[in-house]
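*Asks:* here is the input, now give the coordinates:
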Amino acid sequence: MKTNDISLADLMRAVDTGAAQLPDFQRDWVWDDGRIKALICSVIHNFPVGAAMFLEYGNENIHFMYRPIEGSDADPDTEPTDLILDGQQRLTSLYNALYSKNPVKTKTDKNKEIYRYYYLNIEKALDPNADDEEIVISVPATRQIKSDFGRKIEIDLSTRQDEFRLKLFPLNIILNYSKEQEWQNDYYAYYDYDRAIIQQFTELFTQVIAPTQKYVMPVIRLDKETPREAVCQVFENVNTGGVSLTVFELVTAIFAMNDKGFRLRDDWENRKATFFSDDLLDNVTATDFLTALTLLSSYQSGGTVSCKKKDVLTLNLASYEKYADELCKGFSLASKLLQEERIFSSRDLPYSTQLIPLAAICTVLMVQNRMNTTAARNMVKQWYWCGVFGELYGSANETRYANDITQVIKWIMDDGELPKTITDFFFNPTRLLGLQSRQSAAYKGIMALVLKNHARDFISGEEMDFSTYANEKIDIHHIFPKDYCIKQGYDKTKWNSIINKTPISASSNREIGGTAPSDYLAKLEKKGSVLPSDLDSYVETHWINHTLLRNNGFQDFIIDRAKKLLHAIETATGRTISGKGSDEVQQAFGASLD
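*Replies:* Prediction:
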């Protein structure tokens, strides 16, 4: 890796000739007009605008397809010397505003597409009190600024004489010395070589134009020997905007080197639309899919099982084509399994990361014709819930993924030892009080278990299955309402915890309001024409003691429901939760949870 300063003029010439181009993974994206003007002002004030990062073209490990920067007149067939990994938008904006003869494609702050030329106000540029908005102005592609719904021309720059008259210097020639000198000579002639005009422009040249022509940008240049993993890591560290260089982008480039010219992006987009468009799998990324495929491929090969970044980057096209279809079906099976567990959408998915080993495991079991057996499905579910309630998938887990597929398959197929994710399971009973928001995996898991208990709507008595979950706008709400608890002075740690929350339909929640449970139960009976005994049975499906609820017995309710939630977690994980009667628990809850 080398770092050196390159003049902006040289960078623009490289973009113009095609010596510097974009790798094919970079997407077109456009800064708005205001941001481009701010960037121009930074350059003419000689302020730093950040470094760019180039990759020397010709890396045998990463053969990116390439294309010229938007607006460049470079021949698309020209082979570049460098690929722009970071700095695309800055270089695109500067090239189009300060070098290209064409108007700049940009947008307004309201995202409306517009085309603009940029000018330097000569007098304002020399005024130390002038604002940047006065120094650099943009005009439409017609070079006319109009008002009164287009009937009145406020500024007309459609001819060079108009530019001279208004003393507005076209910035798209500032880096081209010969064109700038030609404009300057014509400008002097227009004013009949007026001494004051010459002196003023000389000051502009000295203070603005010459420094801009000498302006340099730091450029980090990765040489062609840089390993693909290093390219990805370095890019992730320095990239501050635009499209990230993900593992997927690198594999896309690698597959494109194949004799087949395989277009991974197109293949993924087709798979995404076919297999990953439902509410549960819609957040699965291309990199997630490649990670799962690497995990599956390494397991099926019989060698070392691993799916770390370096492993994904060595994935070959033959393995991808061999396992991609099966893995898509594995993800679909994983989705059905989770829906059986009452996880219906990506919003309610405890860990998106756990989908990676789950899909790979489902694929292997599907191939072995074991996924259709109740015993195997229940074992997969036990492993899954141990991961959720053990809160084991909150960060990078590639090592755990490898253990998962190896150990879970052996456990199911050969009656092997319990997988590490199951033996690693631990749940502290006081954790229930810490589950205050739906961001937590365990919080989402408990809500799924409540739904799996055939929880019913308080008014209609309908079970909250997939259809009612969506149609009735089921969401999580307080059982003892928030306003009521505040008025009663109850401990927020308790009333705002998962213990005091349950899935409730929008219509039922409107009736609950902020009143005492005894009051809103009466309202629900009247609203739904439901018998008290039936309503009590609906409430009980949420692991809520109806007697405690009708008596407004908050503290006893907290203890009772905490016990029931812990029992549900034990049932789902097949593991015993220890410490339910510890001093810590008794101090936190006011009683033992045994």
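*Asks:* buried residues, stretch 507-516. List them.
*Replies:* Ser507, Ser508, Asn509, Glu511, Ile512, Ala516 (16 or more other CB atoms under 10 Å). Yep, even glycine has a C-beta here, placed from its N, CA and C like the rest.
*Asks:* which parts of the protein are strands?
*Replies:* Taking DSSP state E as the test, the strands found in the chain are 2-7, 20-23, 52-56, 66-67, 82-86, 104-107, 113-121, 136-140, 144-147, 152-156, 168-170, 216-222, 475-478, 501-504.
*Asks:* phi and psi next, for the closest residue to Arg143 other than its chain neighbours.
*Replies:* Excluding the flanking residues, the one nearest Arg143 by CB to CB, 6 or more residues apart in numbering is Leu157, at 4.2 Å. Main-chain torsions, Leu157, degrees, to the nearest 10: phi -120, psi 30.
*Asks:* okay, now the domains of the chain?
*Replies:* Per automatic domain parsing, the domain ranges recorded for the chain read 2-217, 246-423, 431-589.
*Asks:* now render those domains as a markdown table, adding mean pLDDT.
*Replies:* Shown next, in a markdown table, are these (pLDDT from 0 to 100):
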| stretch | mean pLDDT |
| --- | --- |
| domain 2-217 | 92 |
| domain 246-423 | 93 |
| domain 431-589 | 92 |
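*Asks:* reformat these into CSV and put distance to Pro227 next to each item.
*Replies:* Putting those into CSV (distance: least, CB to CB, whole Å) gives the following:
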stretch, distance to Pro227
domain 2-217, 6
domain 246-423, 9
domain 431-589, 35
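*Asks:* from Gln161, how far out is the most far-flung residue of the chain relative to its centre?
*Replies:* Distance from the C-alpha centroid of the chain peaks at Asp192, with 59.6 Å (CA atoms, centre = their mean). In this structure, Asp192 and Gln161 are 13 Å apart, going by CB to CB, to the nearest Å.
*Asks:* could you dump the lengthiest helix in the chain to PDB, C-alpha only?
*Replies:* Looking across the chain with DSSP state H, the single longest helix is helix 317-340. The C-alpha coordinates for helix 317-340 follow below in PDB (Å, rounded to 0.1, in the frame of the first residue of the first chain):
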ATOM      1  CA  LEU A 317     -18.100 -21.100  -8.700                       C
ATOM      2  CA  ALA A 318     -18.500 -24.900  -8.900                       C
ATOM      3  CA  SER A 319     -19.500 -25.100  -5.200                       C
ATOM      4  CA  TYR A 320     -21.800 -22.100  -5.600                       C
ATOM      5  CA  GLU A 321     -23.700 -23.700  -8.500                       C
ATOM      6  CA  LYS A 322     -23.800 -27.100  -6.700                       C
ATOM      7  CA  TYR A 323     -25.300 -25.900  -3.500                       C
ATOM      8  CA  ALA A 324     -27.200 -22.600  -4.200                       C
ATOM      9  CA  ASP A 325     -30.500 -24.200  -5.200                       C
ATOM     10  CA  GLU A 326     -30.500 -26.600  -2.200                       C
ATOM     11  CA  LEU A 327     -29.600 -23.700   0.200                       C
ATOM     12  CA  CYS A 328     -32.500 -21.600  -1.100                       C
ATOM     13  CA  LYS A 329     -34.800 -24.500  -0.200                       C
ATOM     14  CA  GLY A 330     -33.100 -24.700   3.200                       C
ATOM     15  CA  PHE A 331     -33.800 -21.100   3.900                       C
ATOM     16  CA  SER A 332     -37.500 -21.700   3.000                       C
ATOM     17  CA  LEU A 333     -37.600 -24.600   5.400                       C
ATOM     18  CA  ALA A 334     -36.000 -22.500   8.100                       C
ATOM     19  CA  SER A 335     -38.700 -19.900   7.500                       C
ATOM     20  CA  LYS A 336     -41.500 -22.500   7.800                       C
ATOM     21  CA  LEU A 337     -39.900 -23.800  11.000                       C
ATOM     22  CA  LEU A 338     -39.700 -20.300  12.500                       C
ATOM     23  CA  GLN A 339     -43.300 -19.700  11.600                       C
ATOM     24  CA  GLU A 340     -44.300 -22.900  13.400                       C
END
